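Participant: attaching a predicted model along with its sequence, questions to come.
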Amino acid sequence: MDLSYYPGCTLKTAAKGLEDSAIASMNALGIRLVEIERWNCCGTVYSLAEDDLAHHLAPVRNLIRVKEQGSDRVVTLCSFCYHTLKRANLLVRNDGEKRKTLNDFMEEEVDYNGEVEVLHLLEVLRDEVGWEAITEKVKVPLQGLKVAPYYGCTLLRPQDVAIDEVERPTILHQMMKSLGAEAVDFPYATECCGSFQIVGNPDFINQRAWEILSSAIRCGAEAIVLTCPLCHFNLSQRQPELVKRYSDFQGMPVFYFTQLLAIALGIDPEVCHFELSYGDPFSLLKSRKVVS
Amino acid sequence: MKEKRIGVFVCHCGLNIAGTVDVEQVVEQIKDYPGVAHAEHYIYMCSDPGQELVRKAIKEKGLDGIIMSNCSPSLHQATFRKLAASEGVNPYFCEIANIREQCSWPHAGDKETATRKAVAIIKAIIEKLRRNISLTPLVVPLTKRVLVIGAGVAGMQAALDIADSGYEVVLVEQSPSIGGHTAQLSETFLTGDVIPGLVSPMMSKIASHPNISLYAYSELEDVSGYVGNFQVSIRRKATSVDESKCNYCGLCLESCPVKTASEFDRELAQRGAIYIPFLEALPQRPVIDRETCRHFGGDKCQACQEACPQNAIDFKQEDTIVEEEVGAIIVATGYELFPCTGIAEYASDPDVIDGLQFERLLSPSGPTSGEVRKPSDGKIPEQVVFLQCVGSRDPEHGVSYCSRVCCMYVAKHALLYKQAVPEGQAYVFYMDIRSDAKGYEEYVKKMVDEERVLYLRGRVSRIFRDGDKLKVWGSDTLTGKSIEIAADLVVLATAMVPNPGAKELARKLNIIVDQYGFITEAHIKLRPVETLTAGIYLAGTAQWPRDLPDTIASASGAASKILSLFSRRELLHEPTVAVVDPEVCRGCGQCVAICAFKAIELDPVKKVAWVNEAICDGCGACAVTCPSGAMQHRNWTARQFFEVIDIATAEYV
């Protein structure tokens, strides 16, 4: 099966490991992710200003690309891309007046009326592939790996774009179980990582990341699994700073969900680009004898 | 049809009508209309001189029908029908032509239209009145006994008020003991009355009252009939204990190997499968809960039977049905609490409890003998966080309404906690403090000023376990700061919601519940203790969240409404109801299906519809539905409607 796929900017750079492991894993599960042509930035942040329609042009143009290329569904990997595309799509569907203004403005484009369905890859894994089917395809069960699912905010809020229960999500837990790992519950699983505050207030992010990571450690986790490149940046790439600052903090591997999927499906770890992650996640897997 | 001699009386209502309608012109145009023997206008027809004019005209002109052209029938129809009757005119020959609410008020400023419309309205009513038949009110017998459903504090109060007045009461309670949630409380707020001292005397008075028949561990099975004449059947659930043999020795209770969560102690303690819910329970007799009993689960266990010296255990006992006749019913089915697990952000944890659980911890007869101890490890909690409005005023997670009692009982909880653990700290998260009755504001203020309870205005976003503490994240909206508290115990003041069985009961009683499941009153302001079904009343928290004083007041209100009903010898019922022509009816049953009052039955032999006139409300739904025209409303027949419509629409055809 082919599925239109929108990558977004980070997946081509810092989050290469997220994209490559996803494409390889989905291939192994029988779904080909077909990158849409001429995609542009997703808009990054969904603008909440009532009259700020210009900010919705970027996500809507991407949805027009999907429609033009003959598809009625598009899957995303990055939580932010999912969020902006999904919400812009809802705006087009639910607000006739704004839909008209947007279409009038983009006179060079075909009219868009919300025909495309925006999905996150986790939804495809849950609803189309199914956890049991994934378990059947697992070649290297992640036996004994204690991993804390971290959801962040944009996959779950606001409620009308949530891919799961807003306050008690379980979708990543279920995925981890399907791969043979142990999902560790911790209270910060749906707390915000601090997001863009990293630009102006890195100290705040340091404290935030430390709270999140050390809570997961206290709950018995040895690694974090997440979906979002920005969460990954704040929680993983900031760790050298945390180790310096908090004497009791030793570092903690942070995985993208697709990296663990690829490993469990027995795909060459090359696709995971672990060299882009701090804390050497690969050696944790080696110590669990998951990879050699 | 003998022509009636009709008098038309047009009221000015000061300038309310005359300011818009040309009343002289109206009289001019009506006085020669067929059937009209007299027409006049006056400034206030409802005044004494106005009524005198009507009397005089009836006598002098020999009128046998009058049309009062004035305000809505809901204001003065009764006044003028009484007047008509006193002058020997059949009261159902007095009709109201509403030319105020339906004419002068909506057409203010357009005298010409209003005058034309007033004439049309009066002519239409003349055509109706010409075809009215003479009627007398129906007389309905009255059984002066009352069924009270629910024996919490509301049901007990209403039952005692009625029984003390000399009438018999049938009191039905679904759980094994009377007392309701009030019996679970520790003490009252404001007055600090200990609950056993308050509720136990009420309970024992109920149990020994000669006028009260108590059916505990029983439910309403079915009800039929109407005001004054209800037939009710009550299911007495099998207790599996022969009441005539049991001597209340309690040996069976000790023998039971089952341990299950006690409902009375809100799962903070355990009980056996054979149990008495609490120490002061009434009736003081054990029942076997067949859901948890091993014997009924297929096991060979008969420990209680072996332990019983009286041979009172009867595993084969069956439910019995008791029939009773009553004239009025009070619904006092009470409340439940919104579940602690209803909000996902708040941890499911043994140390996160609801208000009633905290009451059990405070109660001397409770699982900790009145010492405040954590359910998880039995230690004394040093930091206790109380959350108000959990599920209340929160349509996203719970209900939109305010539960009204939480502000006050949380203040009491904080006070009792401080008295039990003086060095401990109590925090209260609140949205607003609603302390709007006598002495309430001062009571809450005392907690803040004297007891050093820390009141924080804001909501809690998350509660989670962190080692041996519970982390509470909240915000203080007065300082704009986020707050983290490491608490030992968290008490959630969860919303009061209706008894989950109330909806099903309401269906049996043919009364209405609101969107939440609370019983709906006839009129929220003017008839707060009656339902829309005549003869059925409501009391306490079955209607809406209430504290004790309001509950007692509403229960006594319902009781006094019934006592006033019982002050009559018999009941009168309006005769303007539906009537069937059995020659025309073909027994299709569509009227039976549409009747909201369950007033119509199909005669099984004659295969025609039959209207119970005492139940019929005269709404007319059946008459409209009837495909053959057999069903007609007395004095609003199809013929009358068409005459009225012809005149009302004459201008447009």
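Facilitator: Perfect, thanks for sending it.
Participant: how about the CA coordinates for stretch B:438-447, as PDB?
Facilitator: These are the backbone C-alpha positions of stretch B:438-447, laid out as PDB (Å, rounded to 0.1, in the frame of the first residue of the first chain):
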ATOM      1  CA  LYS B 438     -27.200  32.200  57.500                       C
ATOM      2  CA  GLY B 439     -23.900  32.100  59.200                       C
ATOM      3  CA  TYR B 440     -22.100  30.500  56.300                       C
ATOM      4  CA  GLU B 441     -19.800  33.300  55.300                       C
ATOM      5  CA  GLU B 442     -18.600  33.800  58.900                       C
ATOM      6  CA  TYR B 443     -18.000  30.100  59.200                       C
ATOM      7  CA  VAL B 444     -15.700  30.000  56.100                       C
ATOM      8  CA  LYS B 445     -14.000  33.200  57.200                       C
ATOM      9  CA  LYS B 446     -13.100  31.600  60.500                       C
ATOM     10  CA  MET B 447     -11.200  28.800  58.800                       C
END
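Participant: can you give me the buried ones in it?
Facilitator: Within stretch B:438-447, the residues scored as buried using 16 or more other C-beta atoms under 10 Å in any protein chain shown are B:Y440, B:Y443, B:V444, B:M447. Using the backbone N, CA and C atoms, a C-beta is placed for each residue, glycine as well.
Participant: who's in contact with the last one?
Facilitator: Each residue near B:M447 by C-beta atoms under 8 Å, 6 or more residues apart in numbering or on different chains is listed here: B:A411, B:A414, B:L415, B:V428, B:V453, B:Y455.
Participant: recalculate using a threshold of 7 Å.
Facilitator: By C-beta atoms under 7 Å, 6 or more residues apart in numbering or on different chains, the contact list for B:M447 reads B:A411, B:A414, B:L415, B:V453.
Participant: what sits up against the helix or strand containing A:T84?
Facilitator: Assigned by DSSP states H and E, A:T84 falls within helix A:79-94. Here helix A:79-94 makes contact (C-beta under 7 Å, 6+ apart) with A:6, A:8, A:42-44, A:46, A:56, A:59-60, A:62-63, A:76, A:98-99, A:102, A:112-114, A:116, A:118, A:120, A:152, A:154-155, A:160-161, A:227-228, A:230.
Participant: repeat the analysis, applying 8 Å as the threshold.
Facilitator: The contact list for helix A:79-94, computed with C-beta under 8 Å, 6+ apart, reads A:6-8, A:42-46, A:56, A:58-60, A:62-63, A:74, A:76, A:98-99, A:102, A:112-114, A:116, A:118-120, A:152, A:154-155, A:160-161, A:163, A:227-231.
Participant: hmm, back to that, and the contacts of B:M447 as CSV, adding secondary structure, distance to chain A and pLDDT?
Facilitator: Below are the contacts of B:M447 laid out as CSV (DSSP: H, G, I helix; E, B strand; the rest coil; distance: C-beta to the nearest C-beta, whole Å; pLDDT from 0 to 100):
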residue, secondary structure, distance to chain A, pLDDT
B:A411, helix, 29, 97
B:A414, helix, 26, 97
B:L415, helix, 31, 96
B:V453, coil, 27, 96
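Participant: can you pick the most crowded of those?
Facilitator: B:A411 (29 neighbours; other C-beta atoms under 10 Å in any protein chain shown).
Participant: so that one sits against B:E441, correct?
Facilitator: No. Shown here, B:A411 and B:E441 do not form a contact pair, counting by C-beta atoms under 8 Å, at 10.4 Å.
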